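[1] got a structure for you, letters missing:
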DNA sequence: ATCGCTGTATTATGGCAGTGAAGCAGTATG
DNA sequence: CATACTGCTTCACTGCCATAATACAGCGAT
């Protein structure tokens, strides 16, 4: 499948991103600890740490060693902008190319839902 | 990048797919030999063979041992249908989900080209 | 039959990514 | 200081990808 073949740490990264974007974790909130999140997701603590690592490199979370990881100020906006840019630059172009090549119209895609 | 991180044999597979879809290799035409295509693409013959292997398993190419590999009858349609199904089932849904989450409208995407 | 092309199988090697187990290091609280 | 939480570092295992050298097997033309 598409989701099955994806590395765990990337899937975790997506879960966290979505949680922040959806407001489940507001700015200043503490994220679940590495171990807690690992148990919750049935993953290895180290794998969770690897997922978290990317966020702190991007300045989306603030790390207080010995305390926890907190959603940085402006993280939601920053994350949204980054994902929008990535989508428009990297995700959409190949999708559009494939649609053209296969002659898939937007109509066919939008019918499939209410 | 997106293209750089992709395994070589998958990239080769894509190149061949596009060539067939675009009619560069018509039905009945012989595909480049493993060794020739390897030189052309700067890859290893074995890697090319691995790329070709998937096509014969899907019945898209006919193998004449000692002669070469030929585009099967109906391959173009078959390939097109398979890719359309895959696109609609596996590619589009996550794209659409992300567009909703990031509030990206189709208008923004379609402006960027003539 | 021989030569030159075709695809295929075998085995081995190097590199890299993902995952995992244990232990180290920092901080708050008592 | 002791405890219990936090993140983080180190070492090792696994599997996949790519490459390589070599050999084998089928076909066509000379």
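    Received it, and whenever you're ready, just let me know what you need. Quantities reported herein were computed from a predicted structural model and do not represent experimental measurements.
[2] When you work out contacts or count neighbours from here on, use the C-alpha atoms and nothing else.
    Fine.
[3] so where do the helices sit in chain A?
    Using DSSP state H, the helices of chain A run over A:8-21, A:34-41, A:45-57, A:75-86, A:92-102, A:106-111.
[4] Quick check, residue A:99 in contact with residue A:105.
    Yes. Contact status for residue A:99 versus residue A:105: in contact at 7.2 Å, counting by C-alpha atoms under 8 Å.
[5] before we move on, the earlier item: select, out of the helices of chain A, the one closest to DNA strand D.
    Across the helices of chain A, DNA strand D has its closest neighbour in helix A:34-41 (3.9 Å, C-alpha to the nearest atom of the strand).
[6] what angle sits between that closest one and helix A:45-57?
    For helix A:34-41 against helix A:45-57, the angle by axes from the mean of the first three to the mean of the last three C-alpha atoms, to 10 degrees is 120 degrees.
[7] how far away is the most centrally placed residue in chain A from residue B:25?
    Here the mean C-alpha position of chain A is nearest to the C-alpha of residue A:14 (C-alpha atoms, centre = their mean), at a distance of 2.7 Å. Distance, residue A:14 to residue B:25, using C-alpha to C-alpha, to the nearest Å: 40 Å.
[8] How about residue A:39?
    Residue A:39 sits 52 Å away from residue B:25, going by C-alpha to C-alpha.
[9] in stretch A:67-79, what's buried?
    Neighbour-count burial for stretch A:67-79, with 16 or more other C-alpha atoms under 10 Å in any protein chain shown as criterion, is recorded at A:69-73, A:75-76, A:79.
[10] End to end on it, go ahead and measure it.
    Start-to-end, stretch A:67-79 (C-alpha to C-alpha) is 23 Å.
[11] what's that stretch in contact with?
    Applying C-alpha atoms under 8 Å, 6 or more residues apart in numbering or on different chains, the contact partners of stretch A:67-79 are A:17, A:20-21, A:25-33, A:59-64.
[12] Keep these, but drop any that are not near DNA strand C.
    Subset of the contacts of stretch A:67-79 in contact with DNA strand C: residue A:64, counting by C-alpha under 7 Å from any atom of the strand.
[13] Just the buried subset of the contacts of stretch A:67-79, please.
    A:17, A:20-21, A:25-27, A:29-31, A:33, A:59-63.
[14] which stretches of chain A have low pLDDT?
    In the predicted model of chain A, residues A:1-4, A:111-114 satisfy pLDDT under 70.
[15] Compute the first-to-last residue distance for stretch A:56-68.
    12 Å.
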